[in-house]
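Chemist: Sequence and computational prediction follow.
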Amino acid sequence: MAETNAGSSSAAAKIVVPKDELHAFCVRSFEKGGAKTGHASALADLMVAADCRGTFSHGMSRLDFYMNQILTNKIALDKEPEIVKQTVATALVDGNNVVGPVVGRFAMDLAIRKAKEAGIGWVTVKGSNHFGIAAWYAMQASEQGLLGLAFTNTSPKMVPTRARKETLGTNPICVAAPANNGDGMVLDMATTGVAFGKVRLKTMLNESVPLGWGVDSQGKPTTDSRSIFESGGLMPLGGPEETSGYKGYGLGMMVEVFCGILSGAAFGPFIAHWALRDGPADVSHCFVAIDPEAFAPGFPDRMSQLLDHCRNLEPAEGETEVLVPGDPERQHMAMCDKLGGIPYKPKQIQVADEFAAKHGIEPLKRKS
């Protein structure tokens with residue numbers, strides 16, 4: 001969901017950066033680090049898409065994260081993903097430790113091709129890295145009239161219900177379903193209360209977080225973002241057991257089945273911590289594309305009918321509108337188009353300027 005606290009619908013006190021300038025800045029940054037142009041461009045595509053959608057935890061704020069992985073050779077700069085085995089409808093892909101967006105795009109493209117031939121394409125991936133926002137991949141399918149699903153495991157950050165030690169990742173789920181006239185549903189959510197990147201961003205901005213996002217090193221709920229980021233962990237979707245947090249815990253385990261366990265990659269507590277690992281991350285993903293035409297006719301019509309019905313529901317007292325999954329991101333994208341770029345807090349621009357100075361890169365240009 002769009003992070004209204006980091007890039008709200010109001011552009012007041014924000015600095016606007018044109019999308020093409022952000023893309024160019026990301027590309028020249030990663031190329032300076034040693035990434036191939038194609039890999040740098042894929043990373044930039046992902047990061048621009050994230051910030052345009054209001055998911056600031058996975059966009060420009062990740063510059064230093066990706067740059068460090070490039071400079072320390074934690075990702076392969078001279079390889080490409082490859083198919084290990086496949087059938088007409090399935091495949092196992094080895095990412096060969098290539099940067100996540102390159103691997104993810106390769107695998108989802110493969111799933112789409114299989115869905116167009118067999119009605120469904122199911123592709124699991126091993127040997128990958130952090131892949132950014134899951135919606136970027138699922139929407140590659142929905143934009144071609146297919147159902148798109150994307151899953152990934154991550155280094156352990158979820159503290160399971162009744163536990164005090166992080167064991168599963170944020171393990172996001174995304175489903176993108178096309179409707180008529182370019183409309184559709186895009187559900188993109190972590191199986192924790194929030195993505196870890198949101199806590200990372202709050203820590204960077206020296207801001208607290210809502211109660212229910214995470215716990216400290218003793219497993220106690222806290223609003224201290226730094227405590228969660230440095231020594232604690234995230235709560236499952238739903239929070240404590242009393243409010244059904246065990247369901248988020250179960251969904252996170254389901255994603256692990258689709259990703260790490262099905263692909264033969266690292267899984268759960270055996271995935272190296274993103275900041276501490278020496279070797280390959282061996283992160284795994286799962287991508288699914290489904291052709292609605294393989295089932296009952298009229299899918300986009302029924303999808304549009306459901307979306308319209310939900311949006312036209314009478315709002316509860318104090319509310320102005322009912323949204324469907326993907327609407328907040330669409331609204332943020334429309335705002336960016338109106339502004340001629342992406343609005344950032346001054347602190348976010350300051351961090352980007354410091355990054356550029358540190359690495360000897362031409363700084364980010366603002367909209368004049």
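Modeler: Ah, there it is. Residues are numbered from 1 along each chain as shown.
Chemist: Pull the contacting residues for Thr222.
Modeler: By C-beta atoms under 8 Å, 6 or more residues apart in numbering, Thr222 lies in contact with 211, 214-216, 228, 232. C-beta here means a position set from N, CA and C on the backbone, and glycine is covered the same way.
Chemist: Which of those residues fall in helices?
Modeler: Those of the contacts of Thr222 mapping onto helices are Ile228, per DSSP state H.
Chemist: Out of the contacts of Thr222, who's the most crowded?
Modeler: Gly214 (29 neighbours; other C-beta atoms under 10 Å).
Chemist: Where do the helices of the protein begin and end?
Modeler: With DSSP H as the criterion, the chain has helices spanning 19-33, 37-52, 63-71, 100-118, 135-142, 196-204, 225-231, 245-256, 262-263, 299-311, 327-339, 346-359.
Chemist: so which of these is the most packed in?
Modeler: The highest mean neighbour count among those, using mean count of other C-beta atoms under 10 Å, belongs to helix 135-142: a mean of 25.
Chemist: Which strands or helices does that one pack on?
Modeler: For helix 135-142, the packing partners by 3 or more C-beta pairs under 8 Å, 6 or more residues apart in numbering; DSSP states H and E come out as helix 37-52, helix 100-118, strand 147-152, strand 173-178, strand 184-189, strand 283-290.
Chemist: Can you give the distance of the longest one from its chain's centre?
Modeler: Averaging C-alpha positions (C-alpha atoms, centre = their mean, to the nearest Å) puts helix 100-118 17 Å from its chain's average.
Chemist: Verify the contact between Ile349 and Val16 for me.
Modeler: No - judged on C-beta atoms under 8 Å, Ile349 makes no contact with Val16 at a distance of 10.0 Å.
Chemist: can you list residues touching both of the two?
Modeler: Here Ile349 and Val16 share the contacting residues Arg366, scored by C-beta under 8 Å, 6+ apart.
Chemist: ok, back up a step: mind checking which of the helices and strands packed on helix 135-142 is nearest Pro343?
Modeler: In terms of C-beta to C-beta, the element of those nearest to Pro343 is helix 37-52, at 9.4 Å.
Chemist: thinking again about what came up before, pick out the most distant pair among the contacts of Thr222.
Modeler: Within those, Leu211 and Gly232 form the most distant pair, 12.9 Å apart (C-beta to C-beta).
Chemist: list the helices and strands the worst-scoring helix or strand of the chain on mean pLDDT packs on?
Modeler: Between all helices and strands in the chain, the lowest mean by mean pLDDT, DSSP states H and E belongs to helix 196-204, at a mean of 88. Here helix 196-204 touches helix 225-231, going by 3+ C-beta pairs under 8 Å, 6+ apart.
Chemist: got any ranges where the stretch 251-368 of the chain has weak pLDDT?
Modeler: 274-276 (pLDDT under 70).
Chemist: thought Trp42 was touching Phe106?
Modeler: Wrong residue type there; residue 42 is Ala, not Trp. No - the pair Ala42 / Phe106 is not scored as a contact, 9.5 Å apart, by C-beta under 8 Å.
Chemist: Also compute the angle for the least confident helix or strand of the chain relative to helix 63-71, please.
Modeler: In terms of direction (axes from the mean of the first three to the mean of the last three C-alpha atoms, to 10 degrees), helix 196-204 departs from helix 63-71 by 110 degrees.
Chemist: Just the residues contacting helix 196-204, thanks.
Modeler: 3, 6, 56-58, 61-62, 154, 157, 170, 190, 208-209, 213-214, 225-226, 228-230, 234, 347, 351.
Chemist: can you check stretch 98-109 too?
Modeler: 35, 38-39, 42-43, 45-46, 66, 69-70, 75-76, 79-81, 91, 93, 95, 123, 125, 128-132, 136-138, 140-141, 148, 150, 283, 285, 287, 289.
Chemist: Isn't Ile228 up against Val209?
Modeler: Yes - shown here, Ile228 and Val209 form a contact pair, counting by C-beta under 8 Å, at 6.9 Å.
Chemist: ok, back up a step: let's have the contacts of Thr222 in CSV, adding pLDDT and distance to Glu21.
Modeler: Below are the contacts of Thr222 laid out as CSV (pLDDT from 0 to 100; distance: C-beta to C-beta, whole Å):
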residue, pLDDT, distance to Glu21
Leu211, 91, 38
Gly214, 94, 34
Val215, 93, 39
Asp216, 91, 40
Ile228, 95, 33
Gly232, 92, 36
